[in-house]
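**Student:** below are the sequence and a predicted model; questions follow.
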Amino acid sequence: TEWKMTPFVKNYDNLVNALKQQGKDVLVWNYDWRRPVEEIKSNLNTFINNNVGTSEKVDLVGHSLGGLVARVWGQDNNPKMGNIITLGSPHDGAVSAYDAWSGGKVSDKFDAAGIAMNILLQLNRKNTNTTVETIHNYSPVVGNLLPDFYFLKDKTGAVNKTDFNSYLKSKNQSMIFTGGWINPVAGIGQLTKEWIILGDRTIFEKMLGIWPEGVPTKYENGEGDGTVLKKSASFAGQDFYQLASNHGYIPDKSINYVLTTLGMNTVPVVVSNNNLENKLVFYIGSPAEMNLTCGIDNWKSSDFLVVDVKNYQNCQLKLVGKSDGTYHLVYGLTNNENSWGYVENEIKNNTEQLWKFDVSQNNLLLDSNGIDLKALISREIEALKVEYPKNKLLLSKASDNLNSNRWVMLSADILGFRNVVKESKRTDVIFGYLKIIMSQEYLKTGKILAGLANEKMKLEKLAVGKAKSAMTWNAQNYLKFVQYADEVSDAWKNNDYPRVMAASIVADAYYAGVW
């Protein structure tokens, strides 16, 4: 009900404090960044009307999307408008938005936006939705941030002249610069995506409806802050201020420009540490508190934990119930998009649950430590019986195999159910738990399901001949197969044979569901 600053984001503290030290009335507005720009602008207008008198003017300072919203608000020629200062704002859009909107690629930057989007995707993915569909449904603002300039080329170098962002284009075409009301700041000195070179899609990408214009094969960079091009942040051809900075440091590095523009005194500037590379991230939805221990280090939080990976090989996450209910735990590594995962469970007040995380090999793998994973699988199966009563017989068979520890037969049951009803969210969770159980139970052995290393190539060949009969659902099974087959390879390299066996069985189950 109330939007607050994400706890680990410190990018704005120095700027806010510098403004407050001038003796001015400073209002900080946190908002729902997922919504379309017009809706955010309307909410900003309501906030201003509720907090600024009719005879007063307000100066707006906004970073990134915040600056774009402030500028769009200013275009209404509101009588309350003073100066508007935009810091690294994508007035002409950002090329990286295309990766998320068209391909579901959240971020290749280690930033707060990437963390927030990964958590959003884990919490909100529906059964048959692809990552692209989830982004479209739950973060429509990404579509408003697509470039309004040409940025796609095919492999021959020809430019795709499709207009992707009619919203920004119309706003920019109606922009009036006279009066000096807008003061853009652009970061420079960082390689920033300017052109995407496209290649052909695989049959599975076509089936899933992702990368409709083609798959990015490489990027050509231009001048910018690493996220937003200079030409987008500066309104090319207009007066602007530029500084050497990446996207996250701009609020700190532009403090004295902001103060001078607003007629205030300059101050000594200290740049915050906002480096989010190679971080462990945990997010907990109440009613529990997290206590994380990695080596001799430990942390505590009731919402977010963002910590350096360092040389940790494993971590223990203790959850302490603050009331009775269901908790929702999201975890991942900032530099590995495939490491993100989600679990939920019941917890009671003042009780504890312990999860183990393997953080080796640039990944974050969930394990259990005393938690009854069979009970969690049973919980998911019982929930599926309620949601799909017509399939209760098949799910009861799965329950029998679960109770008898017949893991391979249970995998086949869950896959059969999954393919009949096209359910993915709970069945993916079940397969994740199954892998952990089997990893714990298999003794170290050289035995491995043969041929998995070549299955992806084999499957691509199969796809060519069966494309006409393929369905989107089969493609989703394929993508999960690839994920677990890759884990088999990683585990094999690390001589982790129990995990090799477990991941192989799960990969094989998904593979069987492709055709």
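**Tutor:** Looks like it came in fine. Because the structure is a prediction, the values reported are computed rather than measured.

**Student:** can you give me the strands in the stretch 1-150 of the chain?
**Tutor:** Ranges of strands within the stretch 1-150 of the chain are 58-63, 81-87, based on DSSP state E, counting those that start in this stretch.

**Student:** adding mean pLDDT, write the ones you listed out as JSON lines.
**Tutor:** Putting the strands of the stretch 1-150 of the chain into JSON lines (pLDDT from 0 to 100) gives the following:
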{"stretch": "strand 58-63", "mean pLDDT": "96"}
{"stretch": "strand 81-87", "mean pLDDT": "94"}
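
**Student:** now render these as TSV, adding mean neighbour count and distance to residue 409.
**Tutor:** To be clear about C-beta, it is placed using only N, CA and C from the backbone, and glycine gets the same treatment. Formatted as TSV, the strands of the stretch 1-150 of the chain follow (neighbours: other C-beta atoms under 10 Å; distance: least, C-beta to C-beta, whole Å):
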stretch	mean neighbour count	distance to residue 409
strand 58-63	21	54
strand 81-87	23	58
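
**Student:** residue nearest the centroid of this structure?
**Tutor:** The chain has residue 118 as the residue nearest its centroid, 2.3 Å off, counting by C-alpha atoms, centre = their mean.

**Student:** phi, psi for the residue lying farthest from the centre of the chain please.
**Tutor:** Distance from the C-alpha centroid of the chain peaks at residue 55, with 42.2 Å (C-alpha atoms, centre = their mean). Main-chain torsions, residue 55, degrees, to the nearest 10: phi -100, psi 0.

**Student:** let me see the contact set for it.
**Tutor:** By C-beta atoms under 8 Å, 6 or more residues apart in numbering, the contact set of residue 55 is empty.

**Student:** how much space between it and residue 113?
**Tutor:** According to C-beta to C-beta, to the nearest Å, residue 55 and residue 113 sit 37 Å apart.

**Student:** I'd say residue 308 and residue 281 touch.
**Tutor:** No. In this structure, residue 308 is not within contact of residue 281 by C-beta atoms under 8 Å, at 11.3 Å.

**Student:** more crowded one of those two?
**Tutor:** Per other C-beta atoms under 10 Å, whichever of residue 308 and residue 281 has more neighbours is residue 281, with 22 against 13.

**Student:** after the helix or strand containing that one, next one along is what?
**Tutor:** Taking DSSP states H and E as the criterion, residue 281 maps to strand 279-285. Where DSSP H and E defines the elements, the next helix or strand beyond strand 279-285 is strand 288-294.

**Student:** pairing partners for that next one, with directions?
**Tutor:** Its sheet considered, strand 288-294 pairs with strand 297-301 (antiparallel), strand 314-321 (antiparallel) by DSSP bridges.

**Student:** ok, which of the ones you listed comes nearest residue 330?
**Tutor:** With C-beta to C-beta as the criterion, residue 330 lies closest to strand 314-321 of the strands paired with strand 288-294, at 11.8 Å.

**Student:** angle of the helix or strand just after that closest one against strand 314-321?
**Tutor:** As assigned by DSSP H and E, the chain's next helix or strand after strand 314-321 is strand 325-333. If you take axes from the mean of the first three to the mean of the last three C-alpha atoms, to 10 degrees, strand 325-333 sits at 160 degrees to strand 314-321.

**Student:** and strand 325-333, which strands flank it?
**Tutor:** Using DSSP bridges, strand 325-333 pairs in its sheet with strand 279-285 (antiparallel), strand 336-347 (antiparallel).

**Student:** coming back round to it: just give the nearest non-adjacent residue to the residue nearest to the centre of the chain, would you?
**Tutor:** Counting by C-beta to C-beta, 6 or more residues apart in numbering, the nearest residue to residue 118 once its immediate chain neighbours are dropped is residue 340, at 4.9 Å.

**Student:** quick one: that neighbour and residue 329 touch, right?
**Tutor:** No. Using C-beta under 8 Å, residue 340 is not in contact with residue 329; the gap is 11.5 Å.

**Student:** find the nearest non-adjacent residue to residue 286, please.
**Tutor:** Distances taken as C-beta to C-beta, 6+ apart put residue 322 closest to residue 286, at 6.6 Å, once the chain neighbours are dropped.

**Student:** what sits against residue 4?
**Tutor:** residue 30.

**Student:** mean confidence score for stretch 233-252?
**Tutor:** For stretch 233-252, mean pLDDT is 89.

**Student:** ends of it, how far apart?
**Tutor:** In stretch 233-252, first residue to last residue: 17 Å (C-alpha to C-alpha, to the nearest Å).

**Student:** buried residues in that stretch?
**Tutor:** The neighbour-count check on stretch 233-252 (16 or more other C-beta atoms under 10 Å) flags 233-235, 240-243, 245-252 as buried.

**Student:** now for these, which pair is the farthest apart?
**Tutor:** 235 and 252 (22.7 Å).

**Student:** okay, and for this structure, where does confidence drop off?
**Tutor:** 1, 77, 107-110, 126-128, 236-237, 361-362, 368-370, 442-473, 515 (pLDDT under 70).

**Student:** need phi/psi at the nearest residue to residue 421 once chain neighbours are set aside.
**Tutor:** Distances taken as C-beta to C-beta, 6+ apart put residue 388 closest to residue 421, at 5.3 Å, once the chain neighbours are dropped. In terms of degrees, to the nearest 10, the main-chain angles of residue 388 are phi -130, psi 70.

**Student:** what about residue 388, distance to residue 178?
**Tutor:** Residue 388 is 62 Å from residue 178, by C-beta to C-beta.

**Student:** neighbour count for the two, which is higher?
**Tutor:** residue 388 (16 against 5).

**Student:** list the contacts of the more buried one.
**Tutor:** 395, 417, 421, 423.

**Student:** please produce a ChimeraX select command covering the buried subset of these.
**Tutor:** Filtering the contacts of residue 388 down to the buried ones (16+ other C-beta under 10 Å) takes a single ChimeraX command:
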select :395,417,421,423
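
**Student:** ok, the contacts of residue 388 vs residue 210, which is closest?
**Tutor:** Nearest to residue 210 among the contacts of residue 388, with distances taken as C-beta to C-beta, is residue 423, at 20.7 Å.

**Student:** do I have it right that that closest one meets residue 384?
**Tutor:** Yes. The pair residue 423 / residue 384 is scored as a contact, 7.0 Å apart, by C-beta under 8 Å.

**Student:** mutual contacts of those two, please.
**Tutor:** Common neighbours of residue 423 and residue 384 (criterion: C-beta under 8 Å, 6+ apart): residue 417.

**Student:** and residue 439, how many neighbours?
**Tutor:** Using other C-beta under 10 Å, residue 439 is surrounded by 21 other residues.

**Student:** quick check: buried residues in the strand or helix carrying it?
**Tutor:** Assigned by DSSP H and E, residue 439 falls within helix 425-441. Across helix 425-441, burial judged by 16+ other C-beta under 10 Å covers 426-439.

**Student:** pull the CA atoms of that helix into PDB?
**Tutor:** Taking C-alpha atoms only, helix 425-441 is exported to PDB below (Å, rounded to 0.1, in the frame of the first residue of the first chain):
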ATOM      1  CA  LYS A 425       4.500 -23.100 -12.000                       C
ATOM      2  CA  ARG A 426       3.900 -25.800  -9.300                       C
ATOM      3  CA  THR A 427       5.300 -28.700 -11.400                       C
ATOM      4  CA  ASP A 428       8.600 -26.700 -11.900                       C
ATOM      5  CA  VAL A 429       8.800 -26.300  -8.100                       C
ATOM      6  CA  ILE A 430       8.200 -30.000  -7.600                       C
ATOM      7  CA  PHE A 431      11.000 -31.000 -10.100                       C
ATOM      8  CA  GLY A 432      13.300 -28.600  -8.300                       C
ATOM      9  CA  TYR A 433      12.600 -30.200  -4.900                       C
ATOM     10  CA  LEU A 434      12.900 -33.700  -6.500                       C
ATOM     11  CA  LYS A 435      16.400 -32.800  -7.800                       C
ATOM     12  CA  ILE A 436      17.400 -31.800  -4.300                       C
ATOM     13  CA  ILE A 437      16.000 -35.000  -2.700                       C
ATOM     14  CA  MET A 438      17.700 -37.300  -5.300                       C
ATOM     15  CA  SER A 439      21.000 -35.400  -5.000                       C
ATOM     16  CA  GLN A 440      21.000 -36.100  -1.200                       C
ATOM     17  CA  GLU A 441      20.100 -39.800  -1.700                       C
END
